[in-house]
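> Build me a model:
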Amino acid sequence: MMDPGELVYVRSCSRCHAADRSGKTDAPALDSVRISTLGPSRLEMTIRYGKGRMEGFGGLTDQEVADLIAYLSTP
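Below is the predicted model of the structure:
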């Protein structure tokens, strides 16, 4: 069974950032080191409102965003 944050990732992020979070040519890898440099507040803003070519995911609930941040923060 998948972690709740992983489910959000697969549904919302994996098509651009790859299923294994390794990134693709037009979307960066989302490893825990990169995520830790953003910090939780900037990461939440990026998820909700987007950044650069990435569109925001304003339709996610607060719990989904929290679960996604927790998942992305793990190695």
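
> For this structure, which segments count as strands?
For the chain, strands defined by DSSP state E occupy the ranges 50-51, 54-55.

> can I get the ones you listed in CSV with mean neighbour count and mean pLDDT?
Heads up, the C-betas are built off the backbone N, CA and C, glycines and all. Shown next, in CSV, are the strands of the chain (neighbours: other Cβ atoms under 10 Å; pLDDT from 0 to 100):
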stretch, mean neighbour count, mean pLDDT
strand 50-51, 12, 94
strand 54-55, 13, 94
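
> wait, which of those strands is closest to Gly5?
Evaluated with Cβ to Cβ, the strands of the chain place strand 54-55 nearest to Gly5, the distance being 17.7 Å.

> Next, format the strands of the chain as a markdown table and append distance to Pro40.
What follows is the strands of the chain, written out as a markdown table (distance: least, Cβ to Cβ, whole Å):
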| stretch | distance to Pro40 |
| --- | --- |
| strand 50-51 | 15 |
| strand 54-55 | 17 |
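
> out of all of them, which helix in this protein is the longest?
helix 32-49 (DSSP state H).
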